[in-house]
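Chemist: Sharing a sequence plus its predicted fold:
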Amino acid sequence: MDITTTSAQYIKGVGPDRLKLLKRLGISMVKDCLWYFPRRYEDRSQLKPISELVADEFKTIRARVASSSVFRTRKGMTIFQLTVADDTGKMKALWFNQPYLKKYFKDGDTVILYGRVQKVKALQIIHPEYEIIRGDEPQDEIIHTGRIVPIYPLVSGVNQRMLRGIIKHAVEQYSSYAADPMPTKIRARHKLLDLKSAIKNIHFPANERQKDESRRRLVFDEFFLLQSALALRRYKMKSEPRGKAHKSEGRLEEFLKALPFEFTDAQKKAIEDIKKDMASPRTMHRLIQGEVGSGKTAVSAYALFLTNANGHQGAIMVPTEILARQHYLTLSGFFSSLGIRVVLLINALPKDEREEALKLIESGEADIIVGTHTLIQKGIRFKDLGLVIVDEQHKFGVEQRSVLKSKTEDADIMVMTATPIPRTMAMTLYGDMDISVINELPQGKRDVQTLWVESSELDNVYDFLKEQLVEGRQAYIVYPVIEASSAFKSEGATKMHDALSKGPFKDFKVALIHGRLSDDEKTDIMKRFKKGKIDILIATTIIEVGIDIPNASVMVIENAQRFGLSQLHQLRGRIGRGKFKSYCILVSDAETEEARQRLEVISNTEDGFQIAQEDLNIRGPGELFGSRQHGVPQLQLGNVITDVDILEAARKEAFAMIAEDPNMAETCHKKLREMLTESFKDTFHLGLIG
């Protein structure tokens, strides 16, 4: 039987109507039900004598049914009442508006009850979870009380008791049909449970050890599946000579002479990595991680220079038109003395300029092309694309990057991010890529002091900001939303622009920028800000990446608790880019512990990698695994923070397996091969043969 294609409707107790409810949980097939794991557990195995019960505590008792009755209150509510007793005393259990329960309980039945104990004249439990034990019923058949009980995520119309019963039947009927993809030798090496036992005991463990061992097996499976896919991709990229071999003799020196600055050691190391990759006939797939302001653009410029020097075109795709224009100006400055033609391709170009750009790209007269997602639109034809660079990669989905790559089969690929990625995340999300880290800032870069103040101090903040403006500096004031939001308890950028420009900053030039403005409006505002014609820029997170105003020395971030740590770090990176002492002022009356943690971290360090790790620790992996962004399946149980040892072990085994059997042709790899093909068919091609 194939549990991946057998409808969950055939699980005992389901049927067509309940299947509709299960589909709201994402359960359509039997396998979905078996892999619908508990979000937590309650230990209801510790039985208490009635005489030892204390009010306001959740407890489990085992007792006999002494009597039962149904009665109505004066307000018309129906109450089913059960009187139970053990050798130490009596108590009542009450259920409101469930008179039908009376037919389930018989005098003399042994019951296990779990719930919150209350004392209203006498001890009682309201709406307890219950289990009726009759005859020689085995202990492991009890699933709602008297044991470690699974608690599942729910939707309206599905309760714990119903779902727990359905999953119990699914485990009994179908867990033996779950084909184990794990090679026996790997399972033996790591002392992993067999899959059937792991599935049974992740749902209904007899004890903590069983629960933990079951989870360890299933977490290993998740990481092993993902790492096997990454290992396959990496092997195919490394083994297939489809790239362009770039010669680099003497060309670095030529490029260096054109630059108005010197590379840092970290930049030089990244460039050496790129040179080595691009010299190979195999396609480069390299991730460049760089701190905000660390000089990733200059490193990418070298790669673009190298592909041009070898007679090929280079393209760099960025998420916003503002950033595209900035890269266009920066790269044009780098390359003007070298005779390299840089072309800009964005939607905001006038029709005649766009048509001219397209002709230059197709003819090959455009050496370097800078653009947004327009680069992947139909009708864009490159003559000979040798290098594709994706900047701020987390802003693009995996499909967009794949479409750009499909413009040529043999172009080298370089991905850049200014969001530092903790090691465990990097090996999980980018395990198929080589990684270079630029963790050093150019000399004299970024002298930023970060301060956290409460909203009651805003007048003092504005006074300080005025002092900076009088000295000739410029400033940003950032808001989390465009319009006022009761949900966010935040004033919007639009309203505050009016209030500030007519109030405390009426003597200064104040402008507003946000995502709803047209591209022409945004470009015009940024040009005026760069030229010093605007003193204060009121903004949303549209300025998070790619804005370079060396004269801006102050950033005020209002309602700072509404931003994530990495986002705050990115925003702060917009200042401290010139020769002036700079200040990032976080305004927040943080009400939660998590918000206070974030603000303390960002106030105390500028190390992006430390910030990224703290962000991961505080928030957990969560959105970092969004399949829309990364093209990888969600992890159901695995956690890259707490399960790092399992992750590393699974990665080592996966890469060793692919090194030995890159086409997964061995019999012991057949089931895993099928699972990989199915799991990753919508995300990326694994290149399996046969």
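Modeler: Ah, there it is.

Chemist: Please count neighbours and contacts with C-alpha atoms only from this point.
Modeler: OK.

Chemist: What segments of the stretch 151-300 of the chain are helices?
Modeler: Using DSSP state H, counting those that start in this stretch, the helices of the stretch 151-300 of the chain run over residues 160-174, 184-189, 195-203, 208-239, 251-257, 265-279, 296-309.

Chemist: Alpha carbons of the fifth one, in PDB - could you do that?
Modeler: Listed next in PDB are the C-alpha coordinates belonging to helix 251-257 (Å, rounded to 0.1, in the frame of the first residue of the first chain):
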ATOM      1  CA  ARG A 251      43.900  41.500 -14.700                       C
ATOM      2  CA  LEU A 252      43.400  42.000 -11.000                       C
ATOM      3  CA  GLU A 253      46.200  44.600 -11.000                       C
ATOM      4  CA  GLU A 254      44.500  46.400 -13.900                       C
ATOM      5  CA  PHE A 255      41.300  46.600 -12.000                       C
ATOM      6  CA  LEU A 256      42.900  47.700  -8.700                       C
ATOM      7  CA  LYS A 257      44.500  50.700 -10.400                       C
END
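
Chemist: mind listing what's buried in that helix?
Modeler: The neighbour-count check on helix 251-257 (16 or more other C-alpha atoms under 10 Å) flags 252, 255 as buried.

Chemist: rewinding a little: where among the helices of the stretch 151-300 of the chain is the average confidence lowest?
Modeler: Mean pLDDT values for the helices of the stretch 151-300 of the chain show the minimum at helix 251-257, a mean of 77.

Chemist: residues contacting the closest residue to Leu458 other than its chain neighbours?
Modeler: Of all residues not flanking Leu458 in the chain, Val587 sits nearest, at 7.6 Å (C-alpha to C-alpha, 6 or more residues apart in numbering). Val587 makes contact with 452-455, 458, 556-560, according to C-alpha atoms under 8 Å, 6 or more residues apart in numbering.

Chemist: Recalculate using a threshold of 6 Å.
Modeler: Contacts for Val587 (C-alpha atoms under 6 Å, 6 or more residues apart in numbering) come out as 453-455, 557-560.

Chemist: I'd like the distance between the nearest residue to Ala198 once chain neighbours are set aside and Asn201.
Modeler: Spatial nearest neighbour of Ala198, chain neighbours left out: Ser214 (4.3 Å); criterion: C-alpha to C-alpha, 6+ apart. In this view, Ser214 and Asn201 are 6 Å apart by C-alpha to C-alpha, to the nearest Å.

Chemist: now swap in Lys502 and tell me
Modeler: According to C-alpha to C-alpha, Lys502 and Asn201 sit 66 Å apart.

Chemist: mind listing what's buried in the helix or strand Leu458 falls within?
Modeler: Under the criterion of DSSP states H and E, Leu458 resides in helix 458-470. Neighbour-count burial for helix 458-470 flags 461, 465-466, 468-469 (criterion: 16+ other C-alpha under 10 Å).

Chemist: where along the stretch 301-450 of the chain do the strands fall?
Modeler: In the stretch 301-450 of the chain, the segments counted as strands under DSSP state E, counting those that start in this stretch are 313-317, 342-345, 368-371, 385-390, 412-417, 434-438, 448-453.

Chemist: how many degrees apart are the last one and helix 458-470 in direction?
Modeler: It refers to strand 448-453. Orientation note: strand 448-453 sits at an angle of 160 degrees relative to helix 458-470 (axes from the mean of the first three to the mean of the last three C-alpha atoms, to 10 degrees).

Chemist: And for the fifth one?
Modeler: Relative orientation of strand 412-417 with respect to helix 458-470: 130 degrees, computed using the same axes, to 10 degrees.

Chemist: distance between the ends of stretch 184-201?
Modeler: 20 Å.

Chemist: chain center to it: distance?
Modeler: Centroid separation for stretch 184-201 versus its chain: 29 Å, with C-alpha atoms, centre = their mean, to the nearest Å.

Chemist: Can you read off the pLDDT for the closest residue in space to Val510 that isn't next to it in sequence?
Modeler: Leaving aside its chain neighbours, Val510 sits nearest to Ile536 (4.8 Å; criterion: C-alpha to C-alpha, 6+ apart). Here the pLDDT value assigned to Ile536 is 97.

Chemist: quick one on the thing from earlier: the residue nearest to Ala198 contacts Ile202, doesn't it?
Modeler: Yes. At 5.4 Å, Ser214 counts as touching Ile202 under the criterion of C-alpha atoms under 6 Å.

Chemist: residues bridging contact with the two, i.e. touching both?
Modeler: Common contact partners of Ser214 and Ile202 (C-alpha under 6 Å, 6+ apart): none.

Chemist: Quick check on the closest residue to Leu230 other than its chain neighbours: phi, psi?
Modeler: In space, and not counting its chain neighbours, Leu230 is closest to Asp432: 4.7 Å by C-alpha to C-alpha, 6+ apart. Dihedral angles of Asp432 (phi, psi; degrees, to the nearest 10) stand at phi -90, psi 0.

Chemist: Just give me the neighbour total for Asp432.
Modeler: By other C-alpha atoms under 10 Å, the residues close to Asp432 number 24.

Chemist: hang on, the earlier thing: can I get the helices of the stretch 151-300 of the chain in a markdown table with distance to Glu362?
Modeler: Shown next, in a markdown table, are the helices of the stretch 151-300 of the chain (distance: least, C-alpha to C-alpha, whole Å):
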| stretch | distance to Glu362 |
| --- | --- |
| helix 160-174 | 58 |
| helix 184-189 | 52 |
| helix 195-203 | 55 |
| helix 208-239 | 27 |
| helix 251-257 | 26 |
| helix 265-279 | 23 |
| helix 296-309 | 15 |
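
Chemist: So which of those is nearest Leu22?
Modeler: helix 160-174 (8.6 Å; C-alpha to C-alpha).

Chemist: Pull out the buried positions in the closest one.
Modeler: For helix 160-174, a neighbour-count test (16+ other C-alpha under 10 Å) marks 163-171, 174 as buried.

Chemist: Could you list the low-pLDDT ranges of this structure?
Modeler: Low-confidence segments of the chain (pLDDT under 70): 135-141, 241, 250, 393-409, 420, 443-446, 485-490, 544-546, 619-634, 681-690.

Chemist: need the longest strand for it.
Modeler: strand 58-72 (DSSP state E).

Chemist: Which strands or helices does that strand pack on?
Modeler: When contacts are defined as 3 or more C-alpha pairs under 6 Å, 6 or more residues apart in numbering; DSSP states H and E, strand 58-72 sits against strand 78-86, strand 110-120.

Chemist: Spatially, which residue comes closest to Leu22, not counting chain neighbours?
Modeler: That would be Ser28: by C-alpha to C-alpha, 6+ apart, it lies 6.9 Å from Leu22.

Chemist: where's that neighbour relative to Thr264, distance?
Modeler: Distance from Ser28 to Thr264, by C-alpha to C-alpha: 55 Å.

Chemist: out of the two, which sits in the busier spot?
Modeler: Each of Ser28 and Thr264 has its neighbours counted (other C-alpha under 10 Å); Ser28 has more, 20 against 17.

Chemist: what residues are up against Ala366?
Modeler: By C-alpha under 6 Å, 6+ apart, the contact list for Ala366 reads 341, 360.

Chemist: Which parts of the stretch 1-150 of the chain are helices?
Modeler: In the stretch 1-150 of the chain, the helices defined using DSSP H, counting those that start in this stretch lie at 15-23, 30-34.

Chemist: One more: the stretch 551-690 of the chain?
Modeler: With DSSP H, counting those that start in this stretch as the criterion, the stretch 551-690 of the chain has helices spanning 565-572, 593-604, 608-619, 627-630, 644-660, 670-679.

Chemist: The fifth one: which residues count as buried?
Modeler: For helix 644-660, burial by neighbour count (16+ other C-alpha under 10 Å) applies to 646-648, 650-651, 653-655, 657-658.

Chemist: quick check, nearest of the residues you listed to Glu440?
Modeler: Nearest to Glu440 out of these is Glu648 (C-alpha to C-alpha; 27.2 Å).
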